[in-house]
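Enquirer: Okay, predicted coordinates and the sequence, questions at the end:
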Amino acid sequence: MKKLGSLFRETLENNIKKQLKESDSIFIIKYSKLSSQELTTLRQSLRGINATLFVTKNSITRRALKDSELEDLVKFVEGPCGLVFAKGEPVDASRVLYNFYRGHEQLKLECGLFKNSFLDKKAIETLARLPSKEVLRAQVVITLNSPISGFVRVLKQTLTKFVYCLDQIKNKKVN
């Protein structure tokens, strides 16, 4: 029969492995010197975008990362750190983390992983500054619509000038 402590560690490790498989992006953060209230605020912010902050012992996290073939991330697991598992767009999670980081200098963005692509701190900040998906779509539509709008304006000006010219000819013949 297994001891309760080893059973607990095994359950945590399996939970991390499951989250690693199900998540679209993963971020490693260091939260030393943050109060529990500040961590709760971060958790609530992440919950709004379908992301979770998971904190456990580093040895359990390292073992789960190694078993999930993510050995590159193991070196970032030192000191008080947590894993942020995000489903969906990594931009939303990186934006929440970056905005929280700007207000709380104690939080450190170590690295991230998006579909097997490593994200360093600079890449996370770049992702956070990207406009939202809706804004990008609107920009594409405006860009695609711009030549058509310009063409319509040119045609309208040509017709307007033609009508103006006919009106001038009519006025000359009447006089």
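Expert: Looks like it arrived, so ask away.
Enquirer: Off-centre distance for the top helix by length along the chain?
Expert: Looking across the chain with DSSP state H, the single longest helix is helix 133-174. Counting by CA atoms, centre = their mean, to the nearest Å, helix 133-174 is centred 40 Å from the centre of its parent chain.
Enquirer: pLDDT averaged over it, what's the number?
Expert: Averaged over helix 133-174, pLDDT sits at 82.
Enquirer: Please apply the same query to stretch 32-51.
Expert: Stretch 32-51 comes out at a mean pLDDT of 88.
Enquirer: So which residue is dead centre in the chain?
Expert: residue 91 (1.3 Å; CA atoms, centre = their mean).
Enquirer: List the buried residues of stretch 6-17.
Expert: 9, 12-13, 16 (16 or more other CB atoms under 10 Å). Heads up, the C-betas are built off the backbone N, CA and C, glycines and all.
Enquirer: One more: stretch 62-69?
Expert: 62-65, 68.
Enquirer: Tabulate the residues you listed (CSV), appending distance to residue 117, secondary structure and pLDDT.
Expert: Formatted as CSV, these follow (distance: CB to CB, whole Å; DSSP: H, G, I helix; E, B strand; the rest coil; pLDDT from 0 to 100):
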residue, distance to residue 117, secondary structure, pLDDT
62, 21, helix, 89
63, 23, helix, 89
64, 20, helix, 89
65, 16, helix, 87
68, 16, coil, 84
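Enquirer: Mind picking the two most distant members of the residues you listed?
Expert: Pairwise distances across the buried residues of stretch 62-69 (CB to CB) peak at 10.9 Å, for the pair 62 and 68.
Enquirer: From one end of stretch 32-39 to the other, what's the distance?
Expert: Using CA to CA, to the nearest Å, one end of stretch 32-39 lies 10 Å from the other.
Enquirer: which non-adjacent residue is nearest residue 42?
Expert: residue 100 (5.3 Å; CB to CB, 6 or more residues apart in numbering).
Enquirer: which secondary structure element contains residue 53?
Expert: Per DSSP states H and E: residue 53 is located in strand 51-54.
Enquirer: Of the buried residues of stretch 6-17, which pair is most distant in space?
Expert: 9 and 16 (10.7 Å).
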